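*Asks:* predicted model follows, preceded by the sequence.
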There are 2 protein chains.
Amino acid sequence: MDVFIAGFGVVGQGITEVIRDKQELFIKHFGEKVRIVGAFDTKSLALDPSGLDPDELLKRKDSLGKVGKDEVSDDIVKLLQDTEYDLLLEVTPTNIKDGGAGYMHIHTALSAGRHVATSNKGPLALKFRELTELAERNRVHLRYEASVGGAMPVINLSRELLMGEEIASMRGILNGTCNFILHRMKEERFSFQFALREAQELGYAETDPSYDIDGIDSACKLAILANAIFDRDVTYADVSRTGIRGISEEAVALAAEHKQVIRLIGEVSKEKLEVAPRLVPAGHPLSIGGTLNIAQLLTDLAGDVTVVGRGAGRMETASALLSDILAILKNGETRRDAKR
Amino acid sequence: MDVFIAGFGVVGQGITEVIRDKQELFIKHFGEKVRIVGAFDTKSLALDPSGLDPDELLKRKDSLGKVGKDEVSDDIVKLLQDTEYDLLLEVTPTNIKDGGAGYMHIHTALSAGRHVATSNKGPLALKFRELTELAERNRVHLRYEASVGGAMPVINLSRELLMGEEIASMRGILNGTCNFILHRMKEERFSFQFALREAQELGYAETDPSYDIDGIDSACKLAILANAIFDRDVTYADVSRTGIRGISEEAVALAAEHKQVIRLIGEVSKEKLEVAPRLVPAGHPLSIGGTLNIAQLLTDLAGDVTVVGRGAGRMETASALLSDILAILKNGETRRDAKR
């Protein structure tokens, strides 16, 4: 299988390492290699139909700050249409205004009959139905486990392992930064501002933390889950959303007195679509601390099934992309097979 | 797909209800019905190649205490060899001495080229390699998600969703009864004996509780996980095993003073195979309370991935069997397809 990597930041580099290191696995289970035949970042393009050397890409990025030797084409659409590859790995940064370049990349690849696996929340939180229907029409896979909860495999768990269940609702912690802040406010009796500063110093929160602490990131992920698992047709703007800026030390202390903790919970069901701070009893799975993500699915037969994993990180996100690559290898013909 | 149900206790009745209620799902995803063509319990046999009515089986069991109108044959081996069906659902009680009737049922069905899905721990905790190799030779599926942790999908999670990961170790709580007792000893400051009596009154523990509290049940499940996920070749007797009989109120209180709880943890890796009470920090995923089961997998890319679910119960176990039925429908040809 030949892959094209759009975006060569932290996630792009992570998945490149993983593709380099897991060749034995691909050959063992599917009898074929996974080759990188193209990659671009904002500055440059690398292209070789016979396969690029992952180490060379990683070294060039590390030393020169760019993935390829060539100029990146002005016409990315033409590039993604005319190049030969089976799978686009779309790992450019999320743009939550209109889906940005990621939307264009995914749309182009699907239209050209290529599979897509992506970590990019923007296009899925804004244009989910359009893109999944485009994939269906072109009989290719669009997979996005990496867009929600990093290494917490909530989408594939729901859609594959729990395929026989009716899932009535999902409640979860979808943003590790907020959880870290709320956890530290309780454990160390920090103020919100102090805990936020600590999260920034540790690299968990951005200089502009609004995307995390105002619940935008959680709302994007919740919208994707609503569409993917609950067959709804929503965008992130449809999510009723309250962030954690207003959480006071007093509120956290009062909750603790009653053996409760405050957590930023996303909840989705057929009727509900909400991100908001909620009280959770200490000891309940959703009272989990640190930067972990968690999703609790309420099902008809199995009752509650809960999955916990690291919500972010280079290798964690690459791991989710890998699971989607494997699922595509397992379920679908690659484009080249179909051509034979 | 035609199924034969061996055993018609709580789990057999549960899966019969599920097969009755999920016909739409089978047809929607696979274009075929799942029919029950045979079922037996210790007293009786029901057999109809054109399909048995699930409600009739359930009603007869409920009113007369037996699933069928006919006498059960002395020669079950011949019955399982000569009857036409695609999948054996082996749901007789666990026999941990030699695998008992369950072993014989599974062996016979696999040898006859039939798929098997089972909730029966005994045969898998004792003769895992023999049975999985028999299935491979006969090109049929042997699936056993229901044998470990009820509705906690740890086997399918490890083998399917985490297929790309190297799993270095698994630590988990595999017995809900022990967890309930330890949880109550801490929360209510009960003695072990008192908490055990409560568990018995609530129906969580048997009159002879040894199988649970001496860690035998956990050890069986751990052996199955060792074989299934870590490619080891062990039986439950290979598990280093300490139960919870010796846990005193003082030990539980002392742990609590240090913000720790005592949990009966099963741990398996390439080197380790142990069930023993362990100290777990409060707030850690493994400090979970109640009768829940939990498994934490340490992987090379994703880090820790944790799954939590109900460890036992009629519908929970049936749910795990259903996931295996669906996987067989998805992955494999049914016997009838192959014959066409």
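*Replies:* Received, thanks. Just so it is clear, the structure is predicted and the values come from calculations on it, not from any experiment.

*Asks:* now do the strands in the stretch 201-340 of chain A.
*Replies:* Under the criterion DSSP state E, counting those that start in this stretch, the stretch 201-340 of chain A contains strands at A:240-241, A:260-269, A:273-281, A:292-299, A:304-310.

*Asks:* contacting residues around the shortest one?
*Replies:* Which is strand A:240-241. With Cβ atoms under 8 Å, 6 or more residues apart in numbering or on different chains as the test, strand A:240-241 has contacts from A:214-216, A:218-219, A:273-276. All C-beta atoms are positioned from the backbone trio N, CA, C, and that covers glycine.

*Asks:* which one of those is nearest chain B?
*Replies:* Comparing these against chain B with Cβ to the nearest Cβ places residue A:218 closest, at 20.0 Å.

*Asks:* tell me which residues touch the closest one, please.
*Replies:* Going by Cβ under 8 Å, 6+ apart, the list of residues near residue A:218 reads A:174-175, A:178, A:241, A:264, A:266, A:275.

*Asks:* just the pLDDT at the most centrally placed residue in chain A, thanks.
*Replies:* Residue closest to the mean C-alpha point of chain A, counted by Cα atoms, centre = their mean, is residue A:147 at 1.6 Å. pLDDT for residue A:147: 95.

*Asks:* wait, isn't it in contact with residue A:118?
*Replies:* Yes: when contacts are counted by Cβ atoms under 8 Å, residue A:147 is listed as touching residue A:118 (6.2 Å).

*Asks:* which residues do the two both contact?
*Replies:* By the contact definition Cβ under 8 Å, 6+ apart, residue A:147 and residue A:118 are jointly contacted by residue A:124.

*Asks:* residues contacting residue A:73?
*Replies:* A:45, A:79.

*Asks:* which SS state does it fall under?
*Replies:* Recorded secondary structure, residue A:73: coil (DSSP: H, G, I helix; E, B strand; the rest coil).

*Asks:* next one: phi and psi at it?
*Replies:* Main-chain dihedrals, residue A:73, degrees, to the nearest 10: phi -60, psi 150.

*Asks:* and for residue A:26?
*Replies:* Main-chain dihedrals, residue A:26, degrees, to the nearest 10: phi -60, psi -40.

*Asks:* same check, this time on residue A:118
*Replies:* Taking degrees, to the nearest 10 as the convention, residue A:118 sits at phi -140, psi 150.

*Asks:* stretch A:294-314: which residues count as buried?
*Replies:* Under the neighbour-count criterion of 16 or more other Cβ atoms under 10 Å in any protein chain shown, stretch A:294-314 has A:294-299, A:301-314 buried.

*Asks:* does that stretch reach chain B?
*Replies:* Yes: among the residues of stretch A:294-314, A:299, A:301-310, A:313 lie within reach of chain B under Cβ under 8 Å from any Cβ of the partner chain.

*Asks:* TSV for these, including pLDDT?
*Replies:* TSV is the format used below for these (pLDDT from 0 to 100):
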residue	pLDDT
A:299	96
A:301	95
A:302	94
A:303	94
A:304	95
A:305	96
A:306	96
A:307	96
A:308	95
A:309	94
A:310	91
A:313	86
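
*Asks:* just give me the closest of the residues you listed to residue B:34.
*Replies:* Minimum distance to residue B:34 across the residues of stretch A:294-314 next to chain B is 14.9 Å, recorded for residue A:301 (Cβ to Cβ).

*Asks:* ok, the closest one - contacts?
*Replies:* A:164-165, B:18, B:151, B:315-316, B:318-319, B:322.

*Asks:* likewise for residue A:71?
*Replies:* Going by Cβ under 8 Å, 6+ apart, the list of residues near residue A:71 reads A:44-45.

*Asks:* same thing but 6 Å
*Replies:* With contact set as Cβ atoms under 6 Å, 6 or more residues apart in numbering or on different chains, residue A:71 has no partners.

*Asks:* need the pLDDT of it.
*Replies:* pLDDT for residue A:71: 91.

*Asks:* same deal with residue A:337?
*Replies:* Residue A:337 is given a pLDDT of 49.

*Asks:* buried residues, the lengthiest helix in chain A. List them.
*Replies:* In chain A, with assignment by DSSP state H, the single longest helix is helix A:314-331. Neighbour-count burial for helix A:314-331 flags A:314-329 (criterion: 16+ other Cβ under 10 Å).

*Asks:* could you do stretch A:196-205 as well?
*Replies:* For stretch A:196-205, the neighbour count (16+ other Cβ under 10 Å) marks A:196, A:198-199, A:204-205 as buried.

*Asks:* cool, stretch A:62-75 as well?
*Replies:* The neighbour-count check on stretch A:62-75 (16+ other Cβ under 10 Å) flags A:66-68, A:72 as buried.

*Asks:* show me where the stretch 1-150 of chain A has its strands.
*Replies:* Secondary structure of the stretch 1-150 of chain A (DSSP E, counting those that start in this stretch): strands located at A:2-6, A:35-40, A:44-47, A:70-71, A:87-90, A:115-118, A:142-143.

*Asks:* with distance to residue B:229 as extra columns, can I get these in a markdown table?
*Replies:* Converted to a markdown table, those look like this (distance: least, Cβ to Cβ, whole Å):
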| stretch | distance to residue B:229 |
| --- | --- |
| strand A:2-6 | 28 |
| strand A:35-40 | 30 |
| strand A:44-47 | 38 |
| strand A:70-71 | 45 |
| strand A:87-90 | 28 |
| strand A:115-118 | 25 |
| strand A:142-143 | 24 |
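
*Asks:* mean pLDDT for these: which is lowest?
*Replies:* Among the strands of the stretch 1-150 of chain A, strand A:70-71 scores lowest, with a mean of 92.

*Asks:* sheet-wise, list the partners of that strand with their directions.
*Replies:* When pairing is defined by DSSP bridges, strand A:70-71 lines up against strand A:44-47 (antiparallel).

*Asks:* off-centre distance for the strand it pairs with?
*Replies:* In terms of Cα atoms, centre = their mean, to the nearest Å, the centre of strand A:44-47 is set 24 Å apart from its chain centre.

*Asks:* stretch A:278-285 too?
*Replies:* That offset, for stretch A:278-285, works out to 25 Å (Cα atoms, centre = their mean).

*Asks:* pLDDT on that stretch, on average?
*Replies:* The model assigns stretch A:278-285 a mean pLDDT of 88.

*Asks:* pull out the buried residues from it.
*Replies:* For stretch A:278-285, the neighbour count (16+ other Cβ under 10 Å) marks A:278, A:280, A:283, A:285 as buried.

*Asks:* just checking: which of the residues you listed also lie near chain B?
*Replies:* A:283, A:285 (Cβ under 6 Å from any Cβ of the partner chain).

*Asks:* biggest separation within the buried residues of stretch A:278-285, which pair?
*Replies:* Using Cβ to Cβ, the pair of those lying farthest apart is A:278 and A:283, separated by 15.4 Å.

*Asks:* verify the stated contact: the residue nearest to the centre of chain A with residue A:121.
*Replies:* Yes: Residue A:147 lies in contact with residue A:121 (Cβ atoms under 6 Å); the separation is 4.8 Å.

*Asks:* could you dump the buried residues of stretch A:278-285 to JSON lines with distance to residue A:247?
*Replies:* Output for the buried residues of stretch A:278-285, formatted as JSON lines (distance: Cβ to Cβ, whole Å):
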{"residue": "A:278", "distance to residue A:247": "11"}
{"residue": "A:280", "distance to residue A:247": "13"}
{"residue": "A:283", "distance to residue A:247": "21"}
{"residue": "A:285", "distance to residue A:247": "21"}
